[in-house]
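Student: Pasted the sequence and its predicted model underneath.
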Amino acid sequence: MTHARMPATRTGRRGNTGLLGMAVAAGTALICAAPGVFADPLQTSNVPVVEPISNTAAPTPEGTPEPETAPSEQTWAFHAQSTFVYQGHPAFRSPYQGANSLDAVANARETWDLTAYAGWRPWAGGELWINPEIDQGFGLDNTLGVAGFPSAEAYKVGRTHPYVLVHRFFFRQTLDLRGKSEGVSADENVLAKSETDNRLVWTVGKFSVVDVFDTNKYAHDPRQDFLNWSIVDTGSFDYAADSWGYTAGSALEWYQGRFAFRGGAFLLSDIPNDVHIDTRFKQFELIGEVEERHQILGHPGAVRVTFFLNRGYMGRYDQAIELGLETGLPPSTADVRHYASRAGWAMNLEQELTRDLGAFARVGFSDGHYETFDFTDIDKTVAAGLSLAGRSWNRPNDTVGLAGVVNGASNPLLEYLNAGGLGVLVGDGKLPNPGWEQILETYYSFDVIKQFKVSLDYQLVGNPGYNRDRGPANIFAIRLHTEF
């Protein structure tokens, strides 16, 4: 993004770890474990939100003087990060619940990951990156019960024991065209270099769609800023992904002055919400995005508009309901899947207001007649928030964030859920009193020592799963993050 570090997610059931488990996981998160130690087969439970590959740095604002010396091209690099999240909620009101409900009984879960970023430059402008990762833990109720799920550090799969996967393995080529040169600092999945403000960037391989599209400076990294899926990404953006949030594909970016144009083609999962990608190339997603960067009173900002089209085997809600009435069984979109299209759009903006205060907003809409393919059960969404650095209270590396999001489902989806159907994440068995899902999130990130942060997070979830009969749920989390 310029890429932020995108959401990662992991799910499944697990008993509470307690203080001892938190201490062990936190200590482990501060050391570098030997790769390849764990390789247990995965157990699926029920993705999301992946830390982006940051293919380029934000353009130098107009009027900013060029650096006197451009950095030399870095040949190779190695980085690592580790994040531990412990999240839970007390009991809340629930007269009934179903298979995909957020459990109303008080409970808590934890997730942990350790990621390595190894990069090499084979020739000028080229970068080859690989990101092996150790994952462990579960989201609340196997990442079920809330369309805007409260932890983008929880995948749709989970295990009690750590396991290893290569989430990213991609090649990026940057071709400078013309214009002034600007420096790009080394970072995770970024080799230090200089590049022109007019350029082409081609990325191909295995990575996350939201490494390139729908990025945002203030809300896109669940390892350091907000945690909620529908805040760190546009909830209605049904981006192609396996159950960990990654897929195979290619993206081309064209930067021209204050504008950027992006296009991409990616593989959908084998069946909706599956762990496997359809390598037959029969099911795919096409994405286009336009970005405009600007300054208001000397403060930088950006607006991005994204369009997507999914082509694959998917079911219509009304056809599933009709078949259910004929058979006397709960409706299932799996029984009526056929080759079809599902489209949508999203818009997000970011704007620096002062030196320390930034604002963001997202709005999105997608076709609500067909089932969600790979992300979550959201057909329309509006989100907005603020991010404030702690310079004014002598904590310049601390950050406090506040955001709210309202998620909606289409009438066909609401009728499907009321008839007993199950979505990707939600389904209470019935839905006689539907309503908009309303989520408020706030966090404070403490910069404890260099490269180690502790965050406290709180989310208030109203009408979880669009159900006005259940909730609200108060969800608390502590997050430990380190990188080098």
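Tutor: Structure received.
Student: alpha carbons only for contacts and neighbour counts from here, please
Tutor: Will do.
Student: Please give the element, helix or strand, for the residue lying farthest from the centre of the chain.
Tutor: Here the centre of the chain is the reference, and by C-alpha atoms, centre = their mean the most remote residue is residue 326, at 38.6 Å. For residue 326, the element it lies in under DSSP states H and E is helix 317-327.
Student: again, but for residue 330
Tutor: Going by DSSP H and E, residue 330 is not in any helix or strand.
Student: ok, it to residue 319 distance?
Tutor: 12 Å (C-alpha to C-alpha, to the nearest Å).
Student: quick one: the strands in the stretch 351-484 of the chain?
Tutor: Assigned by DSSP state E, counting those that start in this stretch, the strands in the stretch 351-484 of the chain fall at 357-366, 380-390, 395-408, 437-449, 452-462, 473-483.
Student: Of all those strands, which one is nearest residue 136?
Tutor: strand 473-483 (14.6 Å; C-alpha to C-alpha).
Student: strands paired with that closest one, and their directions?
Tutor: Strand 473-483 has its sheet partners listed here by DSSP bridges as strand 76-89 (antiparallel), strand 452-462 (antiparallel).
Student: got a markdown table for those, with distance to residue 137 and mean pLDDT too?
Tutor: As requested, these are exported to a markdown table (distance: least, C-alpha to C-alpha, whole Å; pLDDT from 0 to 100):
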| stretch | distance to residue 137 | mean pLDDT |
| --- | --- | --- |
| strand 76-89 | 9 | 98 |
| strand 452-462 | 18 | 98 |
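Student: Output the ones you listed in TSV, with distance to residue 395 and mean neighbour count appended to each entry.
Tutor: Listed next are these as TSV, based on distance: least, C-alpha to C-alpha, whole Å; neighbours: other C-alpha atoms under 10 Å:
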stretch	distance to residue 395	mean neighbour count
strand 76-89	22	22
strand 452-462	13	21
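Student: if we can go back for a sec, quick check: buried residues in the helix holding residue 326?
Tutor: The neighbour-count check on helix 317-327 (16 or more other C-alpha atoms under 10 Å) flags 317-321, 323-324 as buried.
Student: okay, how far is it across stretch 465-483, tip to tip?
Tutor: Start-to-end, stretch 465-483 (C-alpha to C-alpha) is 35 Å.
Student: Same check on stretch 89-99?
Tutor: 19 Å.
Student: Would you quantify the distance from the closest residue to residue 420 other than its chain neighbours to residue 467?
Tutor: Take residue 420 and drop its neighbours on the chain: the residue closest to it by C-alpha to C-alpha, 6 or more residues apart in numbering is residue 429, 4.4 Å away. Separation of residue 429 from residue 467 (C-alpha to C-alpha): 11 Å.
Student: And the pLDDT at the residue nearest to residue 420?
Tutor: Reported pLDDT at residue 429 in the predicted model: 96.
Student: Same check on residue 180?
Tutor: Predicted confidence (pLDDT) for residue 180: 88.
Student: Partner strands of the helix or strand hosting it and their direction?
Tutor: Assigned by DSSP H and E, residue 180 belongs to strand 159-184. Its sheet considered, strand 159-184 pairs with strand 126-137 (antiparallel), strand 193-207 (antiparallel) by DSSP bridges.
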